[in-house]
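K.L.:
Any chance you could fold what I've pasted below:
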Amino acid sequence: MALSLERRWIILGIIRLSSRRNSIVTLKEPLTSSLENYLEAIFHIEQEKQAARAKDVADRLNVSGSSVTAALRNLGEKSLINYAPYDLITLTTQGRTIAEKIVQRHVILRKFFATVLGIATQEADEVACKMEHDMSENVFQRLTQFLTFLETCPRGGSEWLHGFASHCEHGQNHDQCRQCLAQCVETINQQWLMKG
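P.N.:
Model (predicted):
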């Protein structure tokens, strides 16, 4: 899985952004998964249209107008969005910070499920949406570091991922494991000879 320089910088940017954001946001009570979904929806709508309307949020989340109104009031009371009935909705600075964190978790989870585990993109996206709300900061950081390691370590990459996909499809094959180990040793020996 050779990674372009641009994608490596994006991943490193996510790590830096996530570590910077950790100390900024503190709420009296944690947000529910539902409220986090509303923040995430508003974030994406803002990216597309600069501001959201209640109808945009309802359409994106496939929920009723009354559900949206209650959630928007709640988020407004927590100072996470700028909200007034029938007006445009925007994220506050604190709301944007939380929404960015939710989106980061979603992206990292989806990437892990799709790229590492080989799960179809739509299923990876659906599972990521469910799991992003319950992941501890420690797990998020470790997962981010693992993905970065996989993409930058010369021993990882596409061959390793193809090997895992084959293992999932066909089960463990000791002969293939021996072949793979022999190839790894040969590659390392060649690298040492070139250096020495």
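
K.L.:
Average pLDDT for the longest helix along the chain, rounded please.
P.N.:
When the chain is parsed with DSSP state H, its longest helix is helix 174-195. The average of the pLDDT scores along helix 174-195 is 80.

K.L.:
And stretch 84-99, by the same measure?
P.N.:
Rounded mean pLDDT across stretch 84-99 is 96.

K.L.:
what's the span of it, first residue to last?
P.N.:
Stretch 84-99 has an end-to-end distance of 20 Å (CA to CA, to the nearest Å).

K.L.:
For that stretch, buried residues please.
P.N.:
89-92, 94-99 (16 or more other CB atoms under 10 Å). No exception for glycine: its C-beta is placed from N, CA and C like everyone else's.

K.L.:
quick one, helices of this structure?
P.N.:
Going by DSSP H, the chain shows helices at 5-21, 33-49, 54-61, 65-77, 93-111, 121-131, 137-152, 158-170, 174-195.

K.L.:
Same list, these, but as JSON lines with distance to Tyr83 please.
P.N.:
Shown next, in JSON lines, are the helices of the chain (distance: least, CB to CB, whole Å):
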{"stretch": "helix 5-21", "distance to Tyr83": "23"}
{"stretch": "helix 33-49", "distance to Tyr83": "10"}
{"stretch": "helix 54-61", "distance to Tyr83": "9"}
{"stretch": "helix 65-77", "distance to Tyr83": "4"}
{"stretch": "helix 93-111", "distance to Tyr83": "10"}
{"stretch": "helix 121-131", "distance to Tyr83": "23"}
{"stretch": "helix 137-152", "distance to Tyr83": "28"}
{"stretch": "helix 158-170", "distance to Tyr83": "44"}
{"stretch": "helix 174-195", "distance to Tyr83": "56"}
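
K.L.:
sorry, back to before: for the buried residues of stretch 84-99, which one is nearest Gln183?
P.N.:
Gln183 lies nearest to Ala99 out of the buried residues of stretch 84-99, by CB to CB, at 44.9 Å.

K.L.:
close enough to count as contact, that closest one and Ala41?
P.N.:
No. With contact defined as CB atoms under 8 Å, Ala99 does not count as touching Ala41 (9.0 Å).

K.L.:
need the contact list for His174.
P.N.:
Applying CB atoms under 8 Å, 6 or more residues apart in numbering, we find His174 in contact with no residue.

K.L.:
I'd like the distance between it and Ile89.
P.N.:
Using CB to CB, to the nearest Å, we find His174 at a distance of 58 Å from Ile89.

K.L.:
what stretches of this structure score poorly on pLDDT?
P.N.:
For the chain, the stretches flagged by pLDDT under 70 are 1-26, 153-157, 196.

K.L.:
domains of it?
P.N.:
Following automatic domain parsing, one finds the domains of the chain at 5-152, 158-195.

K.L.:
ranking those domains by burial, who's on top?
P.N.:
domain 5-152 (a mean of 16; mean count of other CB atoms under 10 Å).

K.L.:
Out of the buried residues of stretch 84-99, flag the one nearest to Ala51.
P.N.:
Nearest to Ala51 among these, with distances taken as CB to CB, is Thr90, at 5.2 Å.
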